[in-house]
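In: Would you be able to build a 3D model of this:
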Amino acid sequence: MSISVVILAAGKGTRMKSSTPKVLHEISGKSMLFHAIDAAKKISDDITVVLYHQAERIQADIESHYKGIHFHMQDVEQFPGTGGAMKGVSVKHTKALILNGDMPLVTMHALESLMQGDADINMSVIKLDNPSGYGRVVILDGKVHEIVEEKDCIPAQKEIQTVNAGVYCVKKDVLDTYIPALNNDNAQEEYYLTDIIKMAVEDGKIVHPVIVDEEEFKGVNSKLDLAHAEEILQRRIKMDLMKAGVTMRLPETIYIDSRATFEGECILENGVSIQGHSHIISSHIKTNSVIEDSYIKNSDVGPMGRIRPDSRLIDTHIGNFVEVKKSTLHGVKAGHLAYIGDASIEEGTNIGAGMITCNYDGKNKYKTVIGKNVFIGSDTQIVAPVNIADDVIVAAGTTVNKDVEKGSLVISRTEMKTVKNFFYKFFNIPNS
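Out: The predicted structure is shown next:
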């Protein structure tokens, strides 16, 4: 890895209209800055993130997920702007790739295309059918000649379709020469990174344009941009998974976290949501079910099942309107209308409709342990902590609040009473 990467993430992102730093807004389960870091880590062992706005919060979040990332605090008061962000940045290798923290769709392959050749600067360029609103990149003899802001374009220049995509691969000695030479002699009184292009061209340096895919270099500046970027990333994620053998019914209705993984032949029906670090192996997730940070193997869930974080389902059937939270189920059937929380349940056990584990007393959570071949009748409450041994039958309507020995029947019901002809008396209706 002979290239350094600098990620610019110092901006306030006011157009996001949020107290959350722009680069920490999530796309497919991961902060947009983390998508950029992930792409950078595939090509470099020297990554620097430039921070300013809410720097401590962003740095703490990065450090909780990554090791070995360097940080540089931009002196915005003295050196505002993208060029100011690079002042004082030190890189390890002879080339540095400069990208933005609000580009979550950039890929390793896109970055590699900017690393090729021996130009002093490789500049990312997008070709647009309608470049209106963008500064134009003037290319002569295969080299970047200048960048002209639209308001400064003469009519012929307005016909140019090439615009700046905002990512650069720059030789270290070029950075060392031109970053200190930047000035803020412009209407905004900011230091612009693009000015190094102008200075390099004037000095006869080679600035090579690299045509890139607009989609991969899409910046996110608003909640609308965020939604559009997520649509693109979701499409990529699902295309890759379907090519790898995952079956999806109406994939446009399905959500899959970028951190989720799949093995074997999996089926996802319409409306499914797979969140967090979920791992699905040879399982069928049915319509409108939600899986959160869980492990599912050789099982089926739903329709309309919910598997909450830290659950493990192996060889298990979870039916409609069943919720499982922080529980391990191995060879279990829970067909409908149940809540299973903080539980461990072994193979051959059947969970009846309306069964709930009462795992929370208002202060603490408690565990339920259920053994093998246990039949739990409908409308049963299991008050944790409790241990139900193997080969037990729990009758419908029972409240279990004590440990149960192997082979037992557990039943707790009040005596049923019948008052004859009460209906007619209550409604003053003659008994026919």
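In: give me the low-pLDDT residue ranges for the stretch 251-400 of the chain?
Out: Low-confidence segments of the stretch 251-400 of the chain, defined by pLDDT under 70: none present.
In: would you list every one of the helices in it?
Out: Ranges of helices within the stretch 251-400 of the chain: none, based on DSSP state H, counting those that start in this stretch.
In: the domain parsing of the chain - what is it?
Out: 4-211, 223-410 (automatic domain parsing).
In: In CSV: the ones you listed, plus mean neighbour count and distance to residue 425.
Out: Backbone N, C-alpha and C define where each C-beta goes, glycine included. Output for the domains of the chain, formatted as CSV (neighbours: other Cβ atoms under 10 Å; distance: least, Cβ to Cβ, whole Å):
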stretch, mean neighbour count, distance to residue 425
domain 4-211, 18, 61
domain 223-410, 18, 28
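In: Run through the residues that contact residue 59.
Out: Shown in contact with residue 59 (Cβ atoms under 8 Å, 6 or more residues apart in numbering): 49, 51, 71.
In: Residue 184 too?
Out: 79, 80, 81, 84, 190, 191.
In: Narrow the contacts of residue 59 to those in helices?
Out: Per DSSP state H, helices hold no members of the contacts of residue 59.
In: Which member of those is positioned nearest residue 16?
Out: residue 51 (16.4 Å; Cβ to Cβ).
In: circling back: quick one: which of the contacts of residue 184 is nearest residue 28?
Out: Among the contacts of residue 184, residue 81 lies closest to residue 28 (Cβ to Cβ), at 30.6 Å.
In: Could you report the distance from that closest one to residue 73?
Out: The spacing between residue 81 and residue 73, counted by Cβ to Cβ, to the nearest Å, is 15 Å.
In: The domains of the chain: which one's closest to residue 417?
Out: It's domain 223-410; of these, that one is closest to residue 417 (Cβ to Cβ) at 15.2 Å.
In: tell me how far the ends of the closest one are from each other?
Out: 55 Å (Cα to Cα, to the nearest Å).
In: What of stretch 389-406?
Out: One end of stretch 389-406 sits 5 Å from the other (Cα to Cα).
In: on that earlier part again, nearest to residue 430, out of the domains of the chain?
Out: Across these, closest to residue 430 is domain 223-410 (Cβ to Cβ), at 34.8 Å.
In: hang on, isn't residue 21 packed against residue 52?
Out: No - Residue 21 lies out of contact with residue 52 (Cβ atoms under 8 Å); the separation is 10.1 Å.
In: Wait, residue 79 touches residue 191, no?
Out: Yes - contact criterion Cβ under 8 Å: residue 79 and residue 191 qualify, at 5.4 Å.
In: Need the residues touching each of these two.
Out: Counting by Cβ under 8 Å, 6+ apart, the residues touching both residue 79 and residue 191 are 87, 184.
In: Give the full set of residues in contact with residue 429.
Out: Here residue 429 is in contact with residue 423 (Cβ under 8 Å, 6+ apart).
In: how close does it get to residue 423?
Out: Residue 429 is 7 Å from residue 423, by Cβ to Cβ.
In: Ok, residue 20 next?
Out: Where residue 423 is concerned, residue 20 sits at a distance of 60 Å (Cβ to Cβ).
In: same deal with residue 71?
Out: For residue 71, the distance to residue 423 - Cβ to Cβ - is 76 Å.
In: Would you format the domains of the chain as CSV with distance to residue 417 included?
Out: As requested, the domains of the chain are arranged in CSV below (distance: least, Cβ to Cβ, whole Å):
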stretch, distance to residue 417
domain 4-211, 55
domain 223-410, 15
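In: which residues does residue 16 contact?
Out: Residue 16 neighbours (Cβ under 8 Å, 6+ apart): 22, 25, 221, 222, 223, 226.
In: next one: phi and psi at the residue nearest to residue 348 when sequence neighbours are not counted?
Out: In this structure, residue 348 finds its nearest non-sequential neighbour in residue 373, 4.0 Å apart by Cβ to Cβ, 6 or more residues apart in numbering. Note on residue 373: backbone dihedrals following degrees, to the nearest 10 are phi 50, psi 40.
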